[in-house]
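**Q** I'll drop the sequence and a predicted model, then ask my questions.
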Amino acid sequence: MDRKPNKDFDALKLKRKLSKQFSETYTNEKGLIDREKLKKEMEEFKKRKEGWKAKNDENN
């Protein structure tokens, strides 16, 4: 009997995995979210995103 893929279940598994990765990466020793680390990561991402936009504008 073939099992039909359950998209909701797969999404839930992915959400749990990403949540665990987030917790491992951005929590401090007390188990609280390390806002400074998260803020720094967001700033770096914004800079990379601006770089991508500039690169796309050059190509167009």
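**A** Done, it's in.

**Q** longest helix of the protein?
**A** Longest helix in the chain, counting residues (DSSP state H): helix 35-59.

**Q** give the rounded mean pLDDT of it.
**A** Regarding helix 35-59, the rounded mean pLDDT is 87.

**Q** determine the set of other helices and strands touching it.
**A** The contact analysis (3 or more CB pairs under 8 Å, 6 or more residues apart in numbering; DSSP states H and E) places helix 35-59 against helix 7-26. C-betas here are computed from N, CA, C, even on glycine.

**Q** mind giving me the packing neighbours of the helix it packs on?
**A** In this structure, helix 7-26 packs against helix 35-59, with contacts taken as 3+ CB pairs under 8 Å, 6+ apart.

**Q** so which bits of the helix it packs on are buried?
**A** For helix 35-59, burial by neighbour count (16 or more other CB atoms under 10 Å) applies to no residue.

**Q** how big is the angle separating it from helix 7-26?
**A** Taking axes from the mean of the first three to the mean of the last three CA atoms, to 10 degrees, one finds that helix 35-59 is oriented at 110 degrees with respect to helix 7-26.

**Q** hmm, who's touching helix 35-59?
**A** If you take CB atoms under 8 Å, 6 or more residues apart in numbering as the criterion, helix 35-59 is touched by 25, 26.
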